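Q: Kindly return the folded structure for what I paste below:
(one chain, ligands or ions: 1)
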Amino acid sequence: MHETDMTRALIQTLQDWWQSQPERPRITHVHLIVGRFTCVEPVSLELAYAVQTQATFLEGSQLVIRETPLIAYCDACQKDYEPEIGQRYACPTCGSPMEEIRSGRELKIDRIECLSDVRESAV
Ligand SMILES: [Zn+2]
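A: So this is what the prediction gives:
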């Protein structure tokens, strides 16, 4: 589905970061945090990344995806829970429909690994 567009946006972000670096480091790994609720298939994302980074400054670098679970908050019970598709994401304790998502919708760069050094990124 939208993995191609997401990859394009991701590469753009990486390029902006890379171009702002005076030494233009060689990027080896890009660590991504992908929420379960983004409906992104990690495998599709990796595939799109491999295709789109060919013959670019990112060629040969690897995408490392860490999935974060979907966590919702139930107002009635005043606690977090892990919604399940089978239960239509409702609270397992009281059955209230899901209203507030705590995490699981993020898609962001955790950190960028470069050759001969590891740096934290603020992107
Ligand atoms: Zn509840």
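Q: C-alpha only now, for contacts and for neighbours.
A: Fine.
Q: residues from this structure in reach of the ion?
A: 74, 77, 91, 93, 94 (Cα under 5 Å from the ion).
Q: residues touching the first one, list them.
A: Spelled out, that is residue 74. Contact analysis of residue 74 by Cα atoms under 8 Å, 6 or more residues apart in numbering lists 80, 81, 91, 96, 98, 99, 100.
Q: and residue 72, bridged to which residues?
A: residue 81, residue 101 (DSSP bridges).
Q: one step back: dump the contacts of residue 74 to CSV, plus pLDDT.
A: Supplementary listing: those in CSV, determined by pLDDT from 0 to 100:
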residue, pLDDT
80, 97
81, 97
91, 97
96, 96
98, 95
99, 93
100, 95
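Q: Please indicate which of these are buried?
A: Among the contacts of residue 74, those classed as buried by neighbour count (16 or more other Cα atoms under 10 Å) are 81, 91, 98.
Q: And the biggest helix by length in the chain, how far out from the chain middle?
A: Counting residues, the longest helix found in the chain (DSSP state H) is helix 3-20. Centroid separation for helix 3-20 versus its chain: 13 Å, with Cα atoms, centre = their mean, to the nearest Å.
Q: buried sites along that helix?
A: 3, 4, 6, 7, 10, 11, 14, 18.
Q: can you give me the strands in the protein?
A: Counting by DSSP state E, the chain has strands at residues 27-35, 62-68, 71-74, 79-81, 100-103, 107-114, 117-119.
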